[in-house]
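> Quick one: sequence and predicted model below, then my questions.
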Amino acid sequence: VAVIALMVAAGGWTWHESNRRLWARTEAITSIRSLQTADLSLAAFLMLRDAERYAPADSQLANYAEANTHEMSITSSPPGAKIEIQDYVSPDSGWYTLGETPLSKVRIPKGYFRWRISKRNVGSYVVAPLAGSDVRFALDSALAAPTGMVRVPGSEWRNMVAFVGWVGPYTLPAFYIDRFEVTNRQYQEFVDKRGYSDPKYWDDKFVQGGRELPHDSAMALFHDRTGRPGPSTWEGGHFPEGRADYPVSGVSWYEARAYAAFAGKSLPAFAQWYRAAPPDVGTYIVRESNISRADPSPVGAYQGIGPFGTYDMAGNVREWTVNALDADRRFILGGASRSPTYLYADPEALSPFDRSPENGIRCVRNVTPLTADVTAAIKPLERDFASYRPASDEVF
């Protein structure tokens, strides 16, 4: 009986291995390419490795591996950190361990991933950077960020922004930005501590239609549905029941500025916002964020994490920035929950008095003061095509 059992087991194993070899040679590449097309690069990579075990000399698999994987070197501070990756558009999938830093010429799939960096007795964090062939994770600096904020390293920043044109170049020092949008609970503290009546938080001139409004006249505009100081979406000086962890909404640019001052922070500059939420990741982040969907959600309910660890920069509520477009408009970015997805990357500009229910707040804390050009008004590129001379037929 034992011999027969062994023979059956051996036969079953041989049959299984034969089927796997046949799968690897005939079917695997189709499944791998389907996963790649769905932006599941890690899942495709793991299937590729499985197929290579059964068909190590298969030319299709070799060609795919050459085109869709690359070598990367990874360091961290402190060293000895565990590095894991996960397909960005599959946040419920498992983590794949690359090893401990420093890692030299480790082969990984090409794609966009969530990265988890951890070290025992130090801590861990998750980010989604656009990684090249060499990447360094500053675990110590990331964990030293103020509570509720993430660190964005300094850099030179310049970008082509839709409807605006080239913006920059600017030298942006390192700064901290809120991980989540400001919540009703946080804004309630500002209201309860009489932030609306404390002039030290309201040092901007109130300008509407090119005319400066008296302070009292302007402040009278910033009331809730019952006439008490507060966002336009509140009643009786309080946020709606059960929505403490939802983003505060219905605030003007002036109210956003005042709250930021109350919190010991600032509104982000246009360039800082785009540095933390680059348009290049839009194709991924909008699929995992509350944009072009329905109503706002509690902050962090969606898994659309940014390159430095922020959430909800695509949708939920749009977020005021410090920069003006002109005397009567300020930039507000990221789109809201019902916005079309392109508004993650394309800017809007509204009156600083606008208190639409889509308007919210995210703050920054600047370690080094920003230069005047970073916070100055941004003039869009304008072309009068009526004055352009047509190209000759030869040039055309």
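Great, that's in hand.

> ok, the residue nearest to Q208 when sequence neighbours are not counted - how many residues close by?
Using Cβ to Cβ, 6 or more residues apart in numbering and skipping the chain neighbours, the partner closest in space to Q208 is F353 (6.0 Å). All C-beta spots, glycine's among them, are computed from the backbone N, C-alpha and C. By other Cβ atoms under 10 Å, 19 other residues sit near F353.

> Now do the same for the closest residue to E52 other than its chain neighbours: helix, strand or coil?
Nearest non-adjacent residue to E52, counting by Cβ to Cβ, 6+ apart: L61, 5.7 Å away. Here L61 is recorded as helix under DSSP: H, G, I helix; E, B strand; the rest coil.

> what about L61, neighbour count?
21.

> gap between it and F270?
Separation of L61 from F270 (Cβ to Cβ, to the nearest Å): 46 Å.

> Same question for R362.
13 Å.

> same question, S289
20 Å.

> List the buried residues in stretch 350-367.
350, 352-366 (16 or more other Cβ atoms under 10 Å).

> so G168 makes contact with A271?
Yes: using Cβ atoms under 8 Å, G168 is in contact with A271, at 6.2 Å.

> out of these two, which sits in the busier spot?
Between G168 and A271, counted using other Cβ under 10 Å, the more crowded position is A271 (26 against 18).

> Downstream of whichever strand or helix holds the more buried one, the next helix or strand is which one?
Secondary structure assigned from DSSP states H and E places A271 in helix 270-276. On the C-terminal side of helix 270-276, the closest following helix or strand by DSSP H and E is helix 282-285.

> Summarise which helices and strands the helix or strand following that following helix is packed against.
Sequence order places strand 318-326 as the next helix or strand after helix 282-285, per DSSP H and E. The contact analysis (3 or more Cβ pairs under 8 Å, 6 or more residues apart in numbering; DSSP states H and E) places strand 318-326 against helix 253-262, helix 270-276, strand 329-333, strand 359-360.

> most packed of these?
strand 359-360 (a mean of 28; mean count of other Cβ atoms under 10 Å).

> From the chain's centroid, how far away is that strand?
Chain-centre distance of strand 359-360: 17 Å, with Cα atoms, centre = their mean, to the nearest Å.

> That one pairs with which strands?
strand 318-326 (parallel) (DSSP bridges).

> Now do the strand it pairs with against strand 329-333, angle only.
Angle of strand 318-326 versus strand 329-333, following axes from the mean of the first three to the mean of the last three Cα atoms, to 10 degrees, is 150 degrees.

> what mean pLDDT would you report for strand 318-326?
For strand 318-326, the mean pLDDT works out to 97.

> can you check stretch 329-349 too?
The average pLDDT within stretch 329-349 is 97.

> now stretch 29-36
The predicted model assigns stretch 29-36 a mean pLDDT of 94.

> Got the confidence number for the closest residue in space to F180 that isn't next to it in sequence?
Nearest non-adjacent residue to F180, counting by Cβ to Cβ, 6+ apart: V299, 3.8 Å away. We note a pLDDT of 98 for V299 in this prediction.

> R179 versus V299, what's the distance?
9 Å.

> Pull out the buried positions in stretch 129-141.
P129, A131, V135, F137, A138, L139.

> Assign a three-state SS to the third one, would you?
By that I understand V135. Quick answer, by three-state DSSP: V135 is strand.

> Which residue is the nearest non-sequential neighbour of it?
Per Cβ to Cβ, 6+ apart, closest to V135 is I74, 5.5 Å.

> likewise the fifth one?
Distances taken as Cβ to Cβ, 6+ apart put S77 closest to A138, at 5.3 Å, once the chain neighbours are dropped.

> Wait, the one you found touches A144, no?
No: judged on Cβ under 8 Å, S77 makes no contact with A144 at a distance of 11.2 Å.

> Name the spans of the stretch 1-150 of the chain whose pLDDT lies under the cut-off.
Under the criterion pLDDT under 70, the flagged ranges of the stretch 1-150 of the chain are 3-18.

> mind listing the strands in it by residue range?
69-77, 82-87, 96-100, 103-109, 113-119, 123-127, 134-138, 149-152 (DSSP state E, counting those that start in this stretch).

> can you pull the buried residues of the third one?
Which is strand 96-100. Quick answer for strand 96-100 (16+ other Cβ under 10 Å): Y96, L98.

> quick check, distance from that strand to the centre of its chain.
With Cα atoms, centre = their mean, you get 24 Å for strand 96-100.

> What is it packed up against?
strand 82-87, strand 103-109.

> mind giving me JSON lines with the helices and strands packed on strand 318-326 and columns for distance to F239?
As requested, those are arranged in JSON lines below (distance: least, Cβ to Cβ, whole Å):
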{"stretch": "helix 253-262", "distance to F239": "13"}
{"stretch": "helix 270-276", "distance to F239": "25"}
{"stretch": "strand 329-333", "distance to F239": "20"}
{"stretch": "strand 359-360", "distance to F239": "12"}
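
> Compare those and give me the one nearest N19.
Nearest to N19 among the helices and strands packed on strand 318-326 is helix 270-276 (49.0 Å), distances taken as Cβ to Cβ.

> From the contact counts, what lies against that closest one?
Counting contacts by 3+ Cβ pairs under 8 Å, 6+ apart, helix 270-276 is packed against strand 149-152, strand 155-161, strand 165-172, strand 175-178, strand 318-326, strand 329-333.
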